[in-house]
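A.B. asks: Sequence first, then the predicted structure:
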Amino acid sequence: MWKRSQILGVTLAAAATVLAAGYATAPAFAVTACDVAWATNSWSTGFTADIKLTNNAAPLTSWSLTWTFPGSQQITSGWNAGVTQSGRAVTATNVAWNGSLGTGASASFGVQGTSTGSFTTPTDFAVNGISCSGAAPSPSPSSPSPSSPPTSTPPPSSGSGDSFENQAAGTPAGDWSVSTPDCSGAGTATIDKAVAHTGTTSLRINGAAGYCNHVFAANTSILNPAATAWYVRYWVRHTTALPVAHTTAVALRDAADANKDLRFGGQNAALQWNRASDDATLPEQSPAGVALSRPLPVNTWTCVEFSVNGADGTMETWLDGVSVPGLRQDGVPTHDIDSQWLNRTYRPRLTDLRLGWESYGEGADTLWYDDVAVAATRIGC
């Protein structure tokens, strides 16, 4: 027999009491960072839940809602969000069309799963790492203009890195050199002294639309080609949402794949990996696959991390510290994510790092890269 329980408005004051039938509403005594309305249909072996996230804080360009199940629930599928579970911990990330949440705006999604015994509703919700039961952070200044860059903690000292502070304005120098594969056009790569994530300097890419405008700043010394695993972290700010057409923003030459590039960029308005040797993509470019990726927020600095393991070919990508389900390749073929990627054995050996812009028809963008770091273990933001 079906049972229905609901929890509405997880707030600072109290969590809701889950009833066997009907619902209870938690009173709000303070403005919290976010509210979560949770409605459950449960039975002896499983459940479905409709979840509504309301943003009470500053506008968001993307969101990741996390919680921990207090019982034995295990999610088997989800809709209108990318949902992953590790142990009792669950992460739900927006899909391409519902990531933008203004103050007071809401996004709804659902999950289905298995459970044993009575269903217990979670209460420890957090959005983008900020607890929904805590006070909303004080409003921050609007996104800084290129002439007023934000500041942050300097990059870690472990591994190799570059914040471009030792470079003069103009053409990249030192370990960085301008690369225009295939043909040069309107795209440019320069050192910018007006915009930075930390300090006063960044790498600026003016990426033009059209196939013949490929431009990168290449570094052949930041990656250790003898390593078996690479963790890359950089901060990026850009002006234009990713287009539907394929673009590349990061390229890494793979000596184990006939020096063809491992490429990271976008397609269908969301981030994607692309293997140049066979044009395989991660995630697969089905609507369900694309929904498991994330857009790249515009006009704000975003922390991007990724790992590539040369020993087993696995890969993972994080956006502002949150793993993106559609950009994770765990070695086990998963439909809509990596079954195409795993159509052959892939053991990369990376030899360089190139930051820039490559479009294959439509798509122009201006990007700034800063605080680039590479190490043998995850660096973090």
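C.D. replies: That came in fine, so what should we check first? Numbering: from 1, shown residues only.

A.B. asks: where does the stretch 1-150 of the chain have low pLDDT?
C.D. replies: Along the stretch 1-150 of the chain, segments meeting pLDDT under 70 span 1-31, 96-97, 134-150.

A.B. asks: Going along the chain, name the strands of it.
C.D. replies: Ranges of strands in the stretch 1-150 of the chain, per DSSP state E, counting those that start in this stretch, are 3-8, 24-25, 34-42, 46-55, 64-68, 74-79, 82-86, 89-93, 106-114, 126-127, 130-131.

A.B. asks: wait, which of the ones you listed is closest to Arg233?
C.D. replies: The closest of these to Arg233 is strand 64-68. By CB to CB, the value is 17.8 Å. For glycine as for every other residue, the C-beta is placed from the backbone atoms N, C-alpha and C.

A.B. asks: Go through that closest one and flag the buried ones.
C.D. replies: By neighbour count on 16 or more other CB atoms under 10 Å, the buried set for strand 64-68 is 64-67.

A.B. asks: give me phi/psi at Ala249?
C.D. replies: Recorded main-chain torsions at Ala249 are phi -120, psi -20, according to degrees, to the nearest 10.

A.B. asks: That one contacts Arg354, correct?
C.D. replies: No. When contacts are counted by CB atoms under 8 Å, Ala249 is not listed as touching Arg354 (9.5 Å).

A.B. asks: residues touching the residue most central in space within the chain, list them.
C.D. replies: The C-alpha lying nearest the average C-alpha coordinate of the chain belongs to Leu319 (CA atoms, centre = their mean; 2.9 Å). The contact partners of Leu319, by CB atoms under 8 Å, 6 or more residues apart in numbering, come to 62, 271, 294, 296, 302-304.

A.B. asks: please redo it, this time with the cut-off set to 10 Å
C.D. replies: 62, 64, 93, 271, 293-297, 302-306, 327, 381 (CB atoms under 10 Å, 6 or more residues apart in numbering).

A.B. asks: List just the nearest of these to Gly185.
C.D. replies: Looking across these and measuring by CB to CB, the closest to Gly185 is Leu296, at 22.8 Å.

A.B. asks: Tell me the pLDDT of that closest one.
C.D. replies: Per-residue pLDDT puts Leu296 at 96.

A.B. asks: Count the residues that sit near it.
C.D. replies: Leu296: 25 surrounding residues under other CB atoms under 10 Å.

A.B. asks: Ser62 is in contact with that one, correct?
C.D. replies: Yes. At 8.6 Å, Leu296 counts as touching Ser62 under the criterion of CB atoms under 10 Å.

A.B. asks: okay, and the common contacts of those two?
C.D. replies: Between them, Leu296 and Ser62 share the contacting residues 302, 319, judged by CB under 10 Å, 6+ apart.

A.B. asks: before we move on, back to that, so which two of the contacts of Leu319 are the farthest from each other?
C.D. replies: Ser293 and Cys381 (18.9 Å).

A.B. asks: So which of the two has more stuff around it?
C.D. replies: Neighbours were counted for Ser293 and for Cys381 using other CB under 10 Å; Ser293 has more, 31 against 17.

A.B. asks: Check what pLDDT the more buried one gets.
C.D. replies: 97.

A.B. asks: returning to that earlier point: quick one: which of the strands of the stretch 1-150 of the chain is nearest Gln285?
C.D. replies: Closest among the strands of the stretch 1-150 of the chain, once you apply CB to CB, is strand 82-86, at 15.2 Å.

A.B. asks: So for the closest one, what gets flagged as buried?
C.D. replies: By 16+ other CB under 10 Å, the buried positions in strand 82-86 come out as 82-85.

A.B. asks: circling back to that earlier point, so what sits against both of Ala249 and Arg354?
C.D. replies: 216, 263.

A.B. asks: how would you label the spatially closest residue to Arg344 that is not a sequence neighbour: helix, strand or coil?
C.D. replies: Take Arg344 and drop its neighbours on the chain: the residue closest to it by CB to CB, 6 or more residues apart in numbering is Asp278, 7.4 Å away. Three-state assignment for Asp278 (DSSP: H, G, I helix; E, B strand; the rest coil): coil.

A.B. asks: which ones are touching Tyr231?
C.D. replies: 158-159, 305-309, 316, 318, 373-380.

A.B. asks: and if we set it to 7 Å?
C.D. replies: Each residue near Tyr231 by CB atoms under 7 Å, 6 or more residues apart in numbering is listed here: 305, 307, 374-379.

A.B. asks: and it, how far is that from Gln272?
C.D. replies: Tyr231 is 20 Å from Gln272, where distance means CB to CB, to the nearest Å.

A.B. asks: next one: Ala373
C.D. replies: From Ala373 to Gln272 the distance is 23 Å (CB to CB).

A.B. asks: Also Val236?
C.D. replies: For Val236 relative to Gln272 (CB to CB), the value is 15 Å.

A.B. asks: Next: Asp261.
C.D. replies: According to CB to CB, Asp261 stands 14 Å off from Gln272.

A.B. asks: sorry, back to before: for PyMOL, what selects the buried ones among the contacts of Tyr231?
C.D. replies: The buried residues among the contacts of Tyr231 can be selected in PyMOL (16+ other CB under 10 Å) with this line:
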select buried, resi 305+307+374+375+379
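
A.B. asks: Can you flag which of the contacts of Tyr231 belong to strands?
C.D. replies: In strands, judged by DSSP state E, the following of these are found: 305, 307, 374-375.

A.B. asks: quick check, nearest of those residues to Gln74?
C.D. replies: Ser307 (26.1 Å).
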